[in-house]
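**Q** quick one, what's the 3D model for this:
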Amino acid sequence: MQLRYSFRMYPNGPQRSALARAFGCARVVFNDALRVRETARAAGLPFVSSAELGKQLTEAKKTPERAWLTEVSAVVLQQSLRDLETAYRNFFDSLKGKRPRMGAPRLKSRKDNRQAVRFTANARWKITSGGDLSLPKIGDVRVKWSRSLPSVPSTVTVVKDAAGRYFCSFVVESDPDVDRARMPATDAVVGIDLGLSHFAILSDGTKIDSPRFLRRAEKRLRKAQQNLSRKAQGSKNRDKARVKVARAHGRVADARREFHHQLSTKLIRESQAVAVEDLAVKGLARTRLAKSVHDAGWSAFVMMLEYKAARYGRSFHRIGRFEPTSQVCSQCGVQDGPKPLNVRAWECGACGAVLDRDINAAVNVAKAAGLAVSACRARVRRGSVPAQREEAGTHRDGQPTVVGISAV
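**A** Reported below is the predicted structural model:
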């Protein structure tokens, strides 16, 4: 399995200038190659191949107009052409229905929030004995190593984000046997119901509060955005204010990502199988709950669960979004219809159990995935038993099995 490890970089002044040149040259090569292909398409000519674009790049570096491309590593420029090829491939695959719909490649701008260049092994970059990252035509850059790499990396990508921070991202091969040995086997299984008031409700009855990082930082973000709006267009002060806004948003995103990592790792460590629901996040993001939905970051969390389960030998199950997890009694399996969001507990008309809406949904998520989970924690209290017990069982026949994560 290929993994990506990211670390913070601290380049000095000359190194930042060299990285700026690398970002600019990679951007120009990408845009030049894109214009060549778009010009050929407009003229009705055949699609320009990557090999032809590489030859044109080599010839362009010999001209006075593009002679400054030789100031950066040639590998950076070649990787920029590969990025364009990947963008076209993804676009064509989306037209064929092989992946979600996406637009055609577009020109890059020097004002983009994210700038990146990639170095492969051919660039002869290395990690020095002193812990610095040695990059061709840039120098030895100081890196803050938060952990050791499990193997020798194949590529490194240098990224500058909107807040002006630099990161180096390594791609390494992971040994599955070593990873699975770090997570001993367990018999526990868990179904997860994702929500807004509580970020996650587990089938064992555990409720994890939603941290609401964006909501808590709204006052600070609003003030920073107001200061930005008062600055004159194109001024240095406006650029400084823009960086402050980006840093404020970066702190929120970092805190949310850390929360997702810690919770997903905990769940994978303690459970042999995890079941979640395939949520329609795009649809929920168009409702009045849009800000809270984006603040929760369900998609990123579920993606972490999925890849960590594959890495550590756990089972990951994703059930359909149309499973009625909030409508079915986890005790007897009877479905008695939808309920408004303000109903947080309800009594089953068939067996009389009074159920917590969220815990009941989490149990149903696990059951729909085929996990053997106990439903006893879903009950709030025992209700009165209806007289016609024999009629309650008839409703189970023909009912779909439900498992997954509910959005509410």
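
**Q** show me where the stretch 251-400 of the chain has helices.
**A** 281-284, 290-296, 298-311, 357-368, 389-392 (DSSP state H, counting those that start in this stretch).

**Q** C-alpha coordinates for the helix or strand hosting Lys223, PDB please?
**A** In the assignment (DSSP states H and E), Lys223 maps to helix 218-229. The C-alpha trace of helix 218-229 is given here as PDB (Å, rounded to 0.1, in the frame of the first residue of the first chain):
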ATOM      1  CA  GLU A 218     -16.500  32.400  13.500                       C
ATOM      2  CA  LYS A 219     -15.900  35.500  15.600                       C
ATOM      3  CA  ARG A 220     -12.200  35.500  14.900                       C
ATOM      4  CA  LEU A 221     -12.700  34.600  11.200                       C
ATOM      5  CA  ARG A 222     -15.300  37.400  10.800                       C
ATOM      6  CA  LYS A 223     -12.900  40.000  12.200                       C
ATOM      7  CA  ALA A 224     -10.100  38.900  10.000                       C
ATOM      8  CA  GLN A 225     -12.300  39.000   6.900                       C
ATOM      9  CA  GLN A 226     -13.600  42.500   7.800                       C
ATOM     10  CA  ASN A 227     -10.000  43.700   8.100                       C
ATOM     11  CA  LEU A 228      -9.200  42.200   4.700                       C
ATOM     12  CA  SER A 229     -12.200  43.900   3.000                       C
END
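
**Q** quick thing: my sequence starts at 625, can you match it?
**A** Understood, numbering begins at 625; the last thing we discussed is helix 842-853.

**Q** how distant is that helix from the center of its chain?
**A** Relative to the centre of its chain, helix 842-853 is centred 26 Å away, using CA atoms, centre = their mean, to the nearest Å.

**Q** next, the buried residues of that helix.
**A** Within helix 842-853, the residues that count as buried by 16 or more other CB atoms under 10 Å are 848, 851-852. Using the backbone N, CA and C atoms, a C-beta is placed for each residue, glycine as well.

**Q** contacts for it next, please.
**A** Contacts with helix 842-853, where a contact means CB atoms under 8 Å, 6 or more residues apart in numbering, come from 838, 862, 865-866, 868-869, 872-873, 876.

**Q** one step back: CSV for the helices of the stretch 875-1024 of the chain, including mean pLDDT, mean neighbour count and distance to Val767?
**A** Formatted as CSV, the helices of the stretch 875-1024 of the chain follow (pLDDT from 0 to 100; neighbours: other CB atoms under 10 Å; distance: least, CB to CB, whole Å):
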stretch, mean pLDDT, mean neighbour count, distance to Val767
helix 905-908, 85, 14, 34
helix 914-920, 91, 18, 31
helix 922-935, 92, 18, 24
helix 981-992, 86, 30, 41
helix 1013-1016, 34, 12, 64
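
**Q** nearest to Leu820, out of those helices?
**A** Nearest of the helices of the stretch 875-1024 of the chain to Leu820, taken as CB to CB: helix 914-920 at 5.0 Å.

**Q** what bits of the protein have low per-residue confidence?
**A** 996-1032 (pLDDT under 70).

**Q** centroid-nearest residue for it?
**A** Ala924 (3.8 Å; CA atoms, centre = their mean).

**Q** hmm, it is touching His884, no?
**A** Yes. Here Ala924 reaches His884: they are 5.7 Å apart, a contact under CB atoms under 8 Å.

**Q** common neighbours of those two, please.
**A** Joint contacts of Ala924 and His884 (CB under 8 Å, 6+ apart) do not exist.

**Q** out of the contacts of helix 842-853, what pair is the most spread apart?
**A** Leu838 and Arg862 (23.8 Å).

**Q** of these two, which one has the most company?
**A** The neighbour comparison of Leu838 against Arg862 (other CB atoms under 10 Å) goes to Leu838, with 19 against 16.

**Q** mind giving me the domain ranges of this protein?
**A** 626-798, 808-940 (automatic domain parsing).

**Q** what about the first one, how long is it end to end?
**A** Same thing as domain 626-798. End-to-end distance of domain 626-798 (CA to CA, to the nearest Å): 6 Å.

**Q** again with the last one
**A** By CA to CA, the extent of domain 808-940 from end to end equals 16 Å.

**Q** cool, stretch 759-777 as well?
**A** End to end - CA to CA - stretch 759-777 spans 14 Å.
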